[in-house]
Every structure is written in C-alpha cells, then in structure tokens.
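**Q** Quick one: sequence and predicted model below, then my questions.
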Amino acid sequence: MHLHTRRRFLEVLGLGAAALSAAQKPEAARPPGGIMAIAAHPGDAFFAMGAPVALQTSLGAPGVFLSLSLGERGSASIPPERYGAMQREASQRAARMLAAQTAFLSWPDGEIPVNDEVKFAVADIIRQYKPAIVITHWNGSLHKDHKACHDIATDAIFYAGLPAIVRRNPAHAVSKTFYADNWEDADGFRADTYLDITPVFDRWQDACSAFPMWRGENGFRYNDYYRSRAIERGCLSQSKYAVALMSPSRQLVRRAKSL
Ligand SMILES: [Zn+2]
C-alpha cells in the first residue's frame with residue numbers, strides 16, 4: 001500500500017499520523033503486564049476476553065480468568081447443577097490451554113448482586129493475583145449480569161488499590177482497565193485499542209471450543225461471531241486477526257501488539 005493511501009486509511013480509522021509513526025517504531029522492551037479477565041459468566045471470560053489474556057500469557061505474563069457465576073442457567077436442556085459443573089470444567093481446561101489460571105465466585109447466574117460483599121470478594125481476588133491489567137464488561141449491555149459485573153469490577157479495582165482498606169492481602173493498584181467487545185454489550189461500545197491477536201488466534205479458538213455452547217448449541221453461534229469479528233477487526237487495524245477494546249478514558253485510537 002502506498003504510504004499516502006495507508007495514511008488515509010488510518011485517518012479514516014481515527015488512527016492519525018502520530019499513531020502511525022508510533023506503530024512503526026519498534027516497541028520498547030518492557031515486561032508484559034499480568035492480566036485478569038473479570039466476567040459475569042465463564043463464556044464471556046473466554047470468548048470476549050480470552051484473546052487478550054492468551055496474548056499476554058504468550059508473552060510470559062500471568063493470566064487469570066475470574067467468573068462471578070458459573071453461567072449454570074445457560075442451557076435449556078441440561079439442569080443448572082450439572083451445567084454449572086460442565087462450565088467450570090470447560091473453564092479449567094480452556095485456561096490450561098492458554099497457560100492461565102481460573103477463579104470462580106458462585107453467585108447465581110442471572111442474579112449476580114451489586115453490593116459491597118461481591119465487590120470486596122472481587123477486590124480480594126485482585127489483591128491475590130495482582131494483575132497489572134483488568135479486562136471486563138462494558139456496561140452498555142442487554143444482560144443485567146454484565147452490567148452488574150461492570151459496576152462490581154470498577155469498584156473492586158478501587159477497593160483493591162486503597163491501602164487504607166485492610167484485608168488479608170495488601171493493596172494492589174491495577175494500572176490499566178479495558179472493556180471487552182462482547183455481542184451482548186454493544187450499546188455505546190466505542191473501540192479505541194486494536195490488539196493484534198494473530199500469534200494466539202488458533203490457540204484461543206481451540207480453548208473456546210472446550211465450552212459446550214461454543215458452536216451454537218444454546219442458540220447463538222459464538223464461534224462464527226467471534227471468529228468473524230476478529231477478522232473484521234484485523235481488517236480495520238491491518239493485522240490478520242485483532243480484537244477491539246475500549247478504555248475508560250476514551251483514549252485516541254491506537255494499534256497494539258501487547259497491552
Ligand atoms: Zn454473559
């Protein structure tokens with residue numbers, strides 16, 4: 001592509017000349033940040049947030065998938081107790097494939113409460129694993145658990161970082177928060193970071209296939225949606241596969257090879 005055309009393309013995307021020159025410089029050597037996905041349900045953690053976790057772990061950083069519920073009411077044919085166990089088992093298998101860990105809080109699927117008990121429980125897990133980066137739900141969601149998770153994670157990050165709040169583990173400040181591109185959380189979602197996930201795309205897709213609902217068994221074709229989304233985001237950011245993320249600060253659009 002001619003440079004002129006390339007610049008024009010990036011301008012259309014909102015990636016200005018500054019972003020272009022930054023993207024063309026070799027990235028400064030810095031240790032990759034540990035990352036924690038905080039999701040309402042196990043599927044969200046892996047399908048919408050799993051690729052950035054896979055990327056960071058592939059760079060040598062620790063990764064954790066935290067789910068606030070087991071998503072046990074997600075099947076029309078399998079009883080919740082059994083389905084919850086299947087979801088937990090799938091999460092553990094998928095996390096192993098991505099060299100990450102899992103953590104669970106067992107609030108009832110569909111009834112995740114927004115209160116300080118939940119927020120402190122999440123803050124304690126943040127203090128335990130000490131992630132530099134948290135990725136969670138955007139609150140423009142059609143699912144009440146996702147909106148709840150957004151609010152819980154936001155306050156949990158605040159509680160985790162406040163030294164005056166004395167808990168079992170010392171305070172830990174999360175340095176970056178991102179919101180995931182989730183088909184259920186699309187209202188007002190505005191991408192500002194395009195993360196190139198090409199190196200981990202296949203592994204991430206294999207990990208997602210550990211879940212019983214990945215191929216549309218529950219009525220939504222997650223595999224087709226998230227695969228085609230990664231291709232589309234890749235087209236927009238000049239990589240083969242990418243995921244789009246949103247920052248609380250609504251920063252300028254940028255492309256990244258790590259978080
Ligand atoms: Zn969900």
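**A** That came through fine. None of these values were measured; they are calculated from a predicted model.

**Q** For the rest of this, base every contact and every neighbour count on C-alpha atoms.
**A** Will do.

**Q** Show which residues not belonging to the helix or strand residue 233 falls within make contact with it.
**A** Here residue 233 sits within helix 222-237, counting by DSSP states H and E. With contact meaning CA atoms under 8 Å, 6 or more residues apart in numbering, helix 222-237 is reached by 13, 47-48, 194, 196, 205, 213-216, 240-244, 255.

**Q** Under the pLDDT cut-off, which ranges of this protein? List them.
**A** 1-29, 250 (pLDDT under 70).

**Q** show me where it has helices.
**A** For the chain, helices defined by DSSP state H occupy the ranges 3-13, 17-24, 42-47, 50-58, 80-97, 116-129, 144-161, 201-208, 222-237.

**Q** Just put those helices in a markdown table and tack on distance to residue 183 and mean neighbour count.
**A** Shown next, in a markdown table, are the helices of the chain (distance: least, CA to CA, whole Å; neighbours: other CA atoms under 10 Å):
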| stretch | distance to residue 183 | mean neighbour count |
| --- | --- | --- |
| helix 3-13 | 21 | 13 |
| helix 17-24 | 27 | 12 |
| helix 42-47 | 10 | 26 |
| helix 50-58 | 14 | 26 |
| helix 80-97 | 20 | 19 |
| helix 116-129 | 24 | 20 |
| helix 144-161 | 11 | 22 |
| helix 201-208 | 16 | 20 |
| helix 222-237 | 8 | 18 |
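
**Q** Make TSV from those helices and add distance to residue 71 to it.
**A** As requested, these are exported to TSV (distance: least, CA to CA, whole Å):
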stretch	distance to residue 71
helix 3-13	36
helix 17-24	39
helix 42-47	6
helix 50-58	16
helix 80-97	6
helix 116-129	16
helix 144-161	10
helix 201-208	15
helix 222-237	15
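
**Q** circling back: with only the CA atoms kept, save the helix holding residue 233 in PDB.
**A** Extracted C-alpha coordinates of helix 222-237, given in PDB (Å, rounded to 0.1, in the frame of the first residue of the first chain):
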ATOM      1  CA  TYR A 222     -20.300 -17.800  19.300                       C
ATOM      2  CA  ASN A 223     -17.600 -19.400  17.200                       C
ATOM      3  CA  ASP A 224     -18.800 -17.800  14.000                       C
ATOM      4  CA  TYR A 225     -19.400 -14.400  15.600                       C
ATOM      5  CA  TYR A 226     -16.100 -14.100  17.500                       C
ATOM      6  CA  ARG A 227     -14.000 -15.600  14.600                       C
ATOM      7  CA  SER A 228     -15.500 -13.200  12.000                       C
ATOM      8  CA  ARG A 229     -15.300 -10.300  14.500                       C
ATOM      9  CA  ALA A 230     -11.500 -11.000  14.800                       C
ATOM     10  CA  ILE A 231     -11.200 -11.000  11.000                       C
ATOM     11  CA  GLU A 232     -13.100  -7.700  10.700                       C
ATOM     12  CA  ARG A 233     -11.100  -6.000  13.500                       C
ATOM     13  CA  GLY A 234      -8.000  -7.300  11.800                       C
ATOM     14  CA  CYS A 235      -9.000  -5.700   8.500                       C
ATOM     15  CA  LEU A 236      -9.600  -2.400  10.300                       C
ATOM     16  CA  SER A 237      -6.200  -2.500  12.000                       C
END
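
**Q** Let's see which of the contacts of helix 222-237 end up in strands.
**A** When DSSP state E is applied, the contacts of helix 222-237 are split such that 194, 196, 242-244, 255 fall in strands.

**Q** Out of these, which is nearest to residue 153?
**A** Ranked by distance to residue 153 (CA to CA), those are led by residue 244 at 19.5 Å.

**Q** The closest one: how many residues sit nearby?
**A** 27 (other CA atoms under 10 Å).

**Q** partners of it in the sheet?
**A** The residues listed as beta-bridge partners of residue 244 by DSSP bridges are residue 194.
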